[in-house]
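Chemist: A structural model of the following input is requested.
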Amino acid sequence: MSPVLHATVDGPPDAPVLVLGSSLGTTGAMWQPQVAALATRFRVIRYDHLGHGRSAVPAGPYRIDLLGREVLRLLDDLDLRRVHYAGLSLGGMVGMWLAAHAPERIDRLALLCTSASLGPAEGWRTRAATVRAGRLDTIADAVVERWFTPAFAAAHPDTVAAYRDMLTATPPAGYAACCEAIAGMDLRADLAAVRAPTLVIGAADDPATPPEHARQIAERIPSARLVVLDGAAHLANVEQPEAVARLLTDHFDPEGGVTP
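Modeler: Below you'll find the predicted structure:
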């Protein structure tokens, strides 16, 4: 049977494994700014969410637990018993579900620019209906405007254009179904069950998941550490690539690495 989730693997095969989950409307290529730094010390696995990139696009709506179970299936397919996990936005939502519901599979966790409950639900359902009725071009400019600060967008138009292209290449049915997963998501009660050492990263200028969402996550996960980055909006790993790579490397200490 063909794999449901597409994944790209970088780094030494015998290194500790770090799985990276990307944001809504992107692929594993979202993490390209960190790959070179992380792959020197980790076996880095970047996957495309269900309905995104080169992954399967089953009929929606989806649920967060479905997205999480497909990641577990990917780990089983790759024969990975226990891994580190970092996720941004939708990737972080999946990471929270994994750490709470499959704690034996997640060694250390990092959550970037994400939320445990991101209402109003009707807004997500409206966005899903808009995308299904047209194309992602209809919402792309408004979405990308929230991904980057105005200063970064003005200084790096080619980068912004590349991420916009990534968004508009997403299968509309998959994007809409993931919007519906976010609409139905409330992980707040699950966070107390997370036992993986957790780093929570917010971005000071993120209009999509403002820093208060990161603070609420960090308050609910036992012993979580919170960092808020200045000079970044929603795709903080793109605007602050070195800072994010350093934070992740320090958090996922290879000396305490897990066995693939």
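Chemist: so residue 212 is in which element?
Modeler: helix 211-220 (DSSP states H and E).
Chemist: average pLDDT across that helix?
Modeler: Confidence for helix 211-220, expressed as mean pLDDT, is 98.
Chemist: Please list the residues outside that helix that contact it.
Modeler: Contact partners of helix 211-220, identified using Cβ atoms under 8 Å, 6 or more residues apart in numbering, comprise 96, 111, 113-116, 118, 188, 191-192, 198, 200-204, 224-226, 228. C-beta: built from backbone N, CA, C; applies to glycine.
Chemist: rerun that using 7 Å as the cut-off
Modeler: 111, 115-116, 188, 191-192, 200-202, 204, 224, 226, 228 (Cβ atoms under 7 Å, 6 or more residues apart in numbering).
Chemist: Look at the residue nearest the centre of the chain and report its pLDDT.
Modeler: By Cα atoms, centre = their mean, the chain has its centre lying nearest to residue 91, at 2.2 Å. On pLDDT, residue 91 comes in at 98.
Chemist: Pull the distance from the helix or strand hosting it to the chain's centre.
Modeler: Residue 91 belongs to helix 90-101 when assigned by DSSP H and E. Mean-position distance between helix 90-101 and its chain equals 9 Å (Cα atoms, centre = their mean, to the nearest Å).
Chemist: Could you look up the next helix or strand downstream of it?
Modeler: Counting by DSSP H and E, the element after helix 90-101 in chain order, helix or strand, is strand 106-112.
Chemist: Which SSE is immediately downstream of that following strand?
Modeler: Next element after strand 106-112 (DSSP H and E): helix 121-133.
Chemist: Show me what that following helix is packed against.
Modeler: helix 137-147, helix 172-183 (3 or more Cβ pairs under 7 Å, 6 or more residues apart in numbering; DSSP states H and E).
Chemist: at 6 Å what do you get?
Modeler: With contacts defined as 3 or more Cβ pairs under 6 Å, 6 or more residues apart in numbering; DSSP states H and E, the packing partners of helix 121-133 are helix 172-183.
Chemist: ok, the residue lying closest to residue 148 once chain neighbours are set aside - how many residues close by?
Modeler: Distances taken as Cβ to Cβ, 6 or more residues apart in numbering put residue 233 closest to residue 148, at 5.2 Å, once the chain neighbours are dropped. Using other Cβ atoms under 10 Å, residue 233 has 24 other residues around it.
Chemist: The host helix or strand of residue 247: which residues count as buried?
Modeler: Element membership for residue 247, per DSSP H and E: helix 241-251. The neighbour-count check on helix 241-251 (16 or more other Cβ atoms under 10 Å) flags 241, 243, 244, 245, 247, 248, 249, 251 as buried.
Chemist: Closest to residue 174 out of those?
Modeler: residue 244 (25.7 Å; Cβ to Cβ).
Chemist: what angle sits between the helix holding residue 247 and strand 106-112?
Modeler: If you take axes from the mean of the first three to the mean of the last three Cα atoms, to 10 degrees, helix 241-251 sits at 150 degrees to strand 106-112.
Chemist: For helix 241-251, which outside residues touch it?
Modeler: Contact partners of helix 241-251, identified using Cβ atoms under 6 Å, 6 or more residues apart in numbering, comprise 33, 34, 37, 86, 110, 199, 229, 237.
Chemist: quick one: which of the residues you listed sit in helices?
Modeler: Filtering the contacts of helix 241-251 for membership in helices, criterion DSSP state H, returns 33, 34, 37, 237.
Chemist: Could you dump the residues you listed into JSON lines and include pLDDT, distance to residue 177 and neighbour count?
Modeler: As requested, the ones in helices among the contacts of helix 241-251 are exported to JSON lines (pLDDT from 0 to 100; distance: Cβ to Cβ, whole Å; neighbours: other Cβ atoms under 10 Å):
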{"residue": "33", "pLDDT": "98", "distance to residue 177": "27", "neighbour count": "17"}
{"residue": "34", "pLDDT": "98", "distance to residue 177": "27", "neighbour count": "24"}
{"residue": "37", "pLDDT": "97", "distance to residue 177": "33", "neighbour count": "17"}
{"residue": "237", "pLDDT": "98", "distance to residue 177": "24", "neighbour count": "28"}
